[in-house]
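Chemist: Here's a sequence, model it:
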Amino acid sequence: MSLHPKLHAITERIVQRSVASRAAYLAGVDAALRDGPFRSRLSCGNLAHGFAACGPTDKSRLRGGVTPNLGIITAYNDMLSAHQPFEHYPEILRETARELGATAQVAGGVPAMCDGVTQGRGGMELSLFSRDVIAQSTAIGLSHDMFDASVYLGVCDKIVPGLLIGALAFGHLPAIFLPAGPMTPGIPNKQKAEVRERYAAGQATREELLEAEAASYHGAGTCTFYGTANSNQTLLEAMGVQMPGASFVNPDTPLRDALTRQAAVRALEISALGDDFRPLGRLIDERAIVNAVVTLMATGGSTNHTIHWIAVARAAGIVLTWDDMDQLSQLIPLLARVYPNGEADVNRFAAAGGTAFVFRELMEAGLMHADLQTVAEGGMPQYGQEPALRDGKLTYIDGVRESADPDVVRGVANPFESQGGLRLLRGNLGRSLIKLSAVKPEFRTIEAPAVVVDAPQVLNKLHAAGVLPHDFVAVVRYQGPRSNGMPELHSLAPLLGLLQNQGRRVALVTDGRLSGASGKFPAAIHMTPEASRGGPLARVREGDIIRLDGEAGTLELLVDAAEFAAREPAPNTAPAGHDLGRNLFAMSRRLVGPADQGAMSISCGPAADDGSIWNYDAEYELGRDAAAADAPHEAKDA
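Modeler: Predicted coordinates for the structure are as follows:
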């Protein structure tokens, strides 16, 4: 089917907005290309250092033969369940490369922290910045210039966006991303959430809570809810930079190993020394970015990607905005209900039809770019098929034509909702986002007094003291990138969910983040400009009436405009701490950009004509769509 005219129009706006920056990026990609193995320009001393520790066969190939060398960037550690399976991937990749007369080396490792471990703690203030550290670490690993193609071992939250940004800095190299797969099902997510809420109410013991958590997070693999980690996987497939159907195959299974081996084979085939050269910088174009956002909306994915994919796009010279995301969300139907937007986990989603079903439905409806070149030889249509083993060999078969579980995934003709999972909120407090797909329609609008705190822990103390109003909007400010690194505030979800269950009307308004496991209450998050940039949130006072209307896309402080303008910003009573390494990120907090521009603390993307770093603020303002002309103007850095 032909492309939907609205999808075409949105894509074209992004293309036109990005003409200069995309051209500069691609010029850099082309300038990095060369004939023969990329390591051929190394001096003898450079090259000898690069293969000194290799075995005889690999050393012989690296020193003289015209054979490709595969660079591996790994986020392996054995504390994170999602990344523990990567321990043995490098050997699988090396063995596969040798069988093909090629070589493979671990180019470097990147840090991988777990937001589940750091929730509600000081370490969470390093979380967002870890994405930029991962991008830099990826660049350091690849800077040895020994490699003709690259593979990336990463799954979770900031790890995949960081790897993508780093990989795009080496856009002349072909690249394939390899997941580890989700852990097998534990206790139902709804049951876990109920225990959390009972614990918040003082009705469950710590031992009972720990037992429920351990029964949910119980083995190797990605957490099974549809948070940022699992959203990462579907977005990678939607952009065509991960093997089709690789996202939700469990670890330590024959099919998982077969997909890993095939990724190595394909990475070598698409290298400059193969017969099907496909550099990453050309694969990830405006269509690929749009496909990722379309998939985010269709599946009700993580709100974190409204930050991360803007940064990823800009690393490829593409200017993506929240307005684009909002317009796509209003076009794309919601096709999946996976926790926290439903009760199913990702294993059940995969069994019901998974990504293959969703992609084929979207492509056939003209709601996804089907003409995108991908790492798979068959292009995007192959992502509408499912991987399978036949006589021990990896093959692809047609995915289901009808959902195997309509409570979990549906077709375009019968979606869960006519619009996608996210909505941009506009009003006199700035711009923010809400994950509507997680909130029942009857809770999507609220008008109530503000309870203003500068740290999430204070809200819990107010509840324990019994002083919270019956209905209220929790304003948790000074949680943005510049304040303290923009930690996730998921620790508030059990409390606010509990109060809503009691028949109270509650909501959250914050310049911080709420993770991909966001709660069932309305939450206006990523408020921009943040309080630390002089945003209006700093002038909200206790008891001010706030009206949030998720359906209409508005968030308003119902205070006289003159009175509000005359107020002085309230001081931050909970400044960033200095323990747990937080002191090392003070410069990141000073340099970081706004959330709606990717919250980057490093430079990425092409340079301007004068050699300076691309001015994202100026590009963003020039690229504003006419439809968003009346949106509040973003505050600029001093």
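
Chemist: Please make it C-alpha for all contacts and neighbour counts, starting now.
Modeler: OK.

Chemist: Show the model's pLDDT score for Ala635.
Modeler: With respect to pLDDT, Ala635 scores 33.

Chemist: Let's see the pLDDT reported for the closest residue to Ala531 other than its chain neighbours.
Modeler: Excluding the flanking residues, the one nearest Ala531 by CA to CA, 6 or more residues apart in numbering is Ala538, at 4.8 Å. Looking at Ala538, its pLDDT reads 97.

Chemist: now swap in the one 4 residues further on and tell me
Modeler: Looking at Glu542, its pLDDT reads 97.

Chemist: could you list every residue that touches it?
Modeler: Pro449, Ala450, Val451, Val452 (CA atoms under 8 Å, 6 or more residues apart in numbering).

Chemist: which one among these gets closest to Glu208?
Modeler: Taking CA to CA as the measure, Glu208 lies nearest Val451 of these, at 30.9 Å.

Chemist: so when I look at that closest one, I'm seeing a strand, right?
Modeler: Yes: remark: Val451 belongs to a strand, assigned using DSSP: H, G, I helix; E, B strand; the rest coil.

Chemist: For it, which non-adjacent residue is spatially closest?
Modeler: Here the residue nearest Val451, using CA to CA, 6+ apart, is Ala474, at 4.9 Å.

Chemist: before we move on, what SS does that neighbour have?
Modeler: Ala474 is classified as strand under three-state DSSP.

Chemist: okay, now it: neighbour count?
Modeler: Counted by other CA atoms under 10 Å, the residues lying close to Ala474 total 24.

Chemist: ditto for Pro575
Modeler: By other CA under 10 Å, neighbour count at Pro575 equals 13.

Chemist: where's it, which helix or strand?
Modeler: Assigned by DSSP states H and E, Pro575 belongs to neither a helix nor a strand.

Chemist: State the distance from the residue nearest to Ala175 when sequence neighbours are not counted to Val375.
Modeler: Computed as CA to CA, 6+ apart, the closest residue to Ala175 that is not its neighbour in sequence is Ser150, at 4.7 Å. Shown here: Ser150 relative to Val375, a distance of 12 Å by CA to CA, to the nearest Å.

Chemist: hang on, the earlier thing: OK, contacts around the residue nearest to Ala531?
Modeler: Counting by CA under 8 Å, 6+ apart, Ala538 touches Arg477, Tyr478, Ala531, Ser532, Pro569, Ala570, Pro571.

Chemist: Check Trp322 too.
Modeler: Listed by CA under 8 Å, 6+ apart, the contact partners of Trp322 are Thr306, Leu424, Asp596.

Chemist: Tell me what the second one is bridged to.
Modeler: Judged by DSSP bridges, the bridge partners of Leu424 are Leu433.

Chemist: doesn't Glu551 make contact with it?
Modeler: No: between Leu424 and Glu551 there is no contact under CA atoms under 8 Å: 10.0 Å.

Chemist: Name the residue in those two with the higher neighbour count.
Modeler: The neighbour comparison of Leu424 against Glu551 (other CA under 10 Å) goes to Leu424, with 24 against 14.

Chemist: Contacts only, for the more buried one.
Modeler: Trp322, Asp323, Asp326, Arg431, Ser432, Leu433, Ile434, Gly553.

Chemist: And the last one, how close does it get to Ile434?
Modeler: Okay, so that is Gly553. As judged by CA to CA, Gly553 and Ile434 stand 9 Å apart.

Chemist: Find residues that contact each of the two.
Modeler: Counting by CA under 8 Å, 6+ apart, the contacts common to Gly553 and Ile434 are Arg423, Leu424, Leu425.

Chemist: Go ahead and confirm Arg17 touches Asp324.
Modeler: No: using CA under 8 Å as the test, Arg17 is too far from Asp324 to be in contact (11.4 Å).

Chemist: For stretch 498-507, which residues meet the burial criterion?
Modeler: By neighbour count with 16 or more other CA atoms under 10 Å, stretch 498-507 contains the buried residues Leu498, Leu499, Gln500, Arg505, Val506, Ala507.

Chemist: if we can go back for a sec, now, which of the contacts of Trp322 sits nearest Lys6?
Modeler: Lys6 lies nearest to Leu424 out of those, by CA to CA, at 17.9 Å.

Chemist: before we move on, back to that, what residues are up against the residue nearest to Ala175?
Modeler: By CA under 8 Å, 6+ apart, the residues touching Ser150 are Leu70, Gly71, Ile72, Ile73, Leu173, Pro174, Ala175, Ile176, Ala267.

Chemist: could you redo the last one with a cut-off of 7 Å?
Modeler: Contacts for Ser150 were tallied using CA atoms under 7 Å, 6 or more residues apart in numbering; they are Leu70, Gly71, Ile72, Leu173, Pro174, Ala175, Ile176.

Chemist: and which of the residues you listed is nearest to Met243?
Modeler: Nearest to Met243 out of the contacts of Ser150 is Ile176 (CA to CA; 7.5 Å).
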